[in-house]
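# Could you look at this predicted model? Sequence included:
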Amino acid sequence: MFYKWLLFACLLPISLLGQTTEGVQIYLENKLWGLENTKPITPAVYDTLIRVDGCNLFIAKKHGKGFNSTGVITSKGKIIIPFNYWQITPSANVFIVSKWEDNLVTYGVINQSNNTILPIRYEQISNFSNFWVGKLFSGELQLFNFKGAFIKQVNADSISVSNNTQYLLIHKRGKVGLIGSNGNEIFAPNYKKIGKKENRWEVEKFATWQIVNNKDTLALQADTVKLWGNNHLIVGINNNSYLTNNTKLLSKSYKSINAVSPTLAIVKSELLSGAINIEGEELMAPTFGQMYYAKGYFYTQKNNKWSVYDSLGKKRSVFNYDSIGLIANGLFPIKRNGKWGFMNREGKEVIHCIYDIEANFSKGKAIIQYFGSTGIIDLSGRWVVKPKAEKITDYSSNFYIFKKGNLYYLKNYDNELIYFTSNKLVFRNETIYQIKDGYTNRVTSLGTLVANTRTVTKGSQWWQIIKIGAKYGFEDLQGVLKITYRYDSLLPFSEGLAGFKLRGKWGYINEDEIIQIQPLYDEVNKFKNGIALVSQNGNKGLVKPNGTFILKPKFDQLSFIGNNLWLVKENGLVGIYDASGKVIIQSKFDRINYVNSDLIIVIRNGKFGVVDSTGKSVIPRIYDYIGFDTKLKLLILKQAI
């Protein structure tokens, strides 16, 4: 503690180190401070000497007297406050004092005669011009006048000054109320803001939220409301958040609560992060600079070092690391002193940090880089493939692939060469493939190339779209030509028709290569349920297989939303048409969110409402937000007041 005081003294302005009061100066001798005029007034026996502004008093810390060794002396060296306190802070001609005993700091208030105004028993004391507020360790707030007379116990989380010194703002769960000088409540803590303007108090209310299911409606006032789980709400009020289950408060207040799983959330208090469960229990206090959750574990950073905690808040990593990657195959990649290794779920470092870059296990193996060479290790760190200069690109249970120059090589783990080629080799579900010019040929475990195995788009009766040179056509699976290579591009057959492109325009042909719809369009799509989406001159429309329009190409946007309904946008506004081209909802809204035929959310000029599939209003368009939780089947409405 001596060092804290010494640091404080070192940071004082020079004016304080050589300050004068009626000719009195502070002097330094043997790294200790004293008072002098033309000669010493006090010996240099103080660790610090700080003048109290506006009077001839000095707060002094006596050297070598332990924690509680701070008092107050006059400019003549007279002790008026004994050296019995840990800290002393001047406040309007009195002093807020504290003591440190049994690792606990308690606060009180005394005057310049060392008489008690507030006893030393509070966790915190605040001065608001005409009032004192003492916070007990139980969290209770007590209000006193400036002379220390008790006024009232205040049911609030905190108190702050209003823009009128005779009144105080009270804060509870982020909401604001108002009390007078007698402690009586003028406004209950239910408001977003309270202020006085032109001799009258003005209050700002929170938005009203309604959570509606088939049976009940829950109403509450807040800035934000988020659903979590089946019956939990994360409520945001004045940049504070808390957790409730509709009937009772479950957590204390945080700056933010972000659910990261069905039962866990990361919380923030100021700039630090922690974690709670869905019952509001604090698993980890907000002490971490960074925190994220993935694959059942919390990854935390403190003092630039990373650790891992399980979902119960128990620390799993024994050491702290420069970096920790996501767990895979039961092992976490860990970095220490610039090198990477692995630890298990118990935090034991099972593979030492000796590798160049981060790696992840898959199928019990990992490709690693060791002093610039690549190799493969197993879960115990044993070499499956010793490091080599060539780059290992992929592996399976029995083989691995590496590239040397322009060639790809396939070897087994006995280091026997199976196959090599200038074409790319990859594994897909343990099968080896060679890729060239869009063709994918399988390679057997004996190194034999199986020809004519192509990954291609299937057409009518499994016809394949084949590209020869710059032109496209169709072949069957046996390679028999069905439609010659004459088209600039093709779409697969669907409902007997395939889109084709010639001279920059799209149309449709049938299986006999007869044009059913002339190439008039900039873009086309496959037919589905007798309808295809087409684009012409930048506008969207719908056509039938005979080429007639369901909706002429006049829309800015057109998308299928289910139940034979299409969302359209024209002239910047959206509406809904059915599959026959009938108008269901006129294009007069900024946005539409289709939930089901009875619940279509419409938005215009920032106001939300609900209509059904006939366009009839179900909920008037007066809300600032309407959303629907598809999992819980809950309708969420917000209305600002």
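That came through, no problem.
# Buried ones in stretch 408-420, by neighbour count?
For stretch 408-420, burial by neighbour count (16 or more other C-beta atoms under 10 Å) applies to 408-411, 418-420. C-beta: built from backbone N, CA, C; applies to glycine.
# Spit out the contact partners of residue 332.
For residue 332, the contacting residues are 308, 317, 324-326, 342-344, by C-beta atoms under 8 Å, 6 or more residues apart in numbering.
# if I look at the nearest residue to residue 214 once chain neighbours are set aside, how far off is residue 597?
In space, and not counting its chain neighbours, residue 214 is closest to residue 633: 7.4 Å by C-beta to C-beta, 6 or more residues apart in numbering. Per C-beta to C-beta, to the nearest Å, residue 633 is found 15 Å from residue 597.
# With neighbour numbers in mind, choose between the two.
Neighbours per residue (other C-beta atoms under 10 Å) separate residue 633 from residue 597, with residue 597 holding more: 13 against 10.
# Local confidence estimate at the closest residue to that one other than its chain neighbours?
For residue 597, ignoring the flanking residues on the chain, the nearest one in space by C-beta to C-beta, 6+ apart is residue 613 at 4.0 Å. Turning to residue 613, the model gives it a pLDDT of 83.
# Which secondary structure state does residue 613 sit in?
Three-state call for residue 613 (DSSP: H, G, I helix; E, B strand; the rest coil): coil.
# For the nearest residue to residue 496 once chain neighbours are set aside, list the residues it contacts.
Nearest non-adjacent residue to residue 496, counting by C-beta to C-beta, 6+ apart: residue 510, 5.8 Å away. Residues in contact with residue 510 (C-beta under 8 Å, 6+ apart) are 496-498, 516.
# hmm, 10 Å instead?
Residues near residue 510 by C-beta atoms under 10 Å, 6 or more residues apart in numbering: 460, 493, 496-498, 516-517, 545.
# Please report the distance of residue 150 from residue 520.
88 Å.
# likewise residue 271?
Look at residue 271 and residue 520: by C-beta to C-beta, they are 60 Å apart.
# hmm, back to that, could you check the pLDDT of the residue nearest to residue 496?
Note on residue 510: pLDDT of 95.
# if I read this right, the residue nearest to residue 214 contacts residue 213, doesn't it?
Yes - checked against C-beta atoms under 10 Å, the pair residue 633 and residue 213 is within contact range at 6.5 Å.
# hey, what's in contact with both of those two?
Residues touching both residue 633 and residue 213 by C-beta under 10 Å, 6+ apart: none at all.
# before we move on, the earlier item: would you reformat the buried residues of stretch 408-420 as JSON lines and include pLDDT?
Shown next, in JSON lines, are the buried residues of stretch 408-420 (pLDDT from 0 to 100):
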{"residue": "408", "pLDDT": "96"}
{"residue": "409", "pLDDT": "96"}
{"residue": "410", "pLDDT": "96"}
{"residue": "411", "pLDDT": "96"}
{"residue": "418", "pLDDT": "96"}
{"residue": "419", "pLDDT": "95"}
{"residue": "420", "pLDDT": "95"}
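# out of these, which are inside strands?
Among the buried residues of stretch 408-420, the members falling in strands (DSSP state E) are 408-411, 418-420.
# Looks like residue 556 contacts residue 567 (just checking).
No - contact criterion C-beta under 10 Å: residue 556 and residue 567 do not qualify, at 11.3 Å.
# So those two - more neighbours on which side?
residue 567 (22 against 15).
# and residue 111, what is it in contact with?
By C-beta under 10 Å, 6+ apart, the neighbours of residue 111 are 81, 93-95, 117, 147-148.
# Just among those, which is most surrounded?
Going by other C-beta under 10 Å, residue 95 tops these with 23 neighbours.
# That one against residue 127, yeah?
No - the criterion here is C-beta under 10 Å, and residue 95 misses it with residue 127 at 11.0 Å.
# joint contacts of the two?
Counting by C-beta under 10 Å, 6+ apart, the residues touching both residue 95 and residue 127 are 89, 109.
# Give the buried residues for stretch 168-187.
If you call a residue buried by 16+ other C-beta under 10 Å, then stretch 168-187 has these buried ones: 168-179, 183, 187.
# from those, which has minimum pLDDT?
For the buried residues of stretch 168-187, the pLDDT minimum is residue 173, 84.
# And it, how far from residue 166?
Distance of residue 173 to residue 166, computed by C-beta to C-beta: 25 Å.
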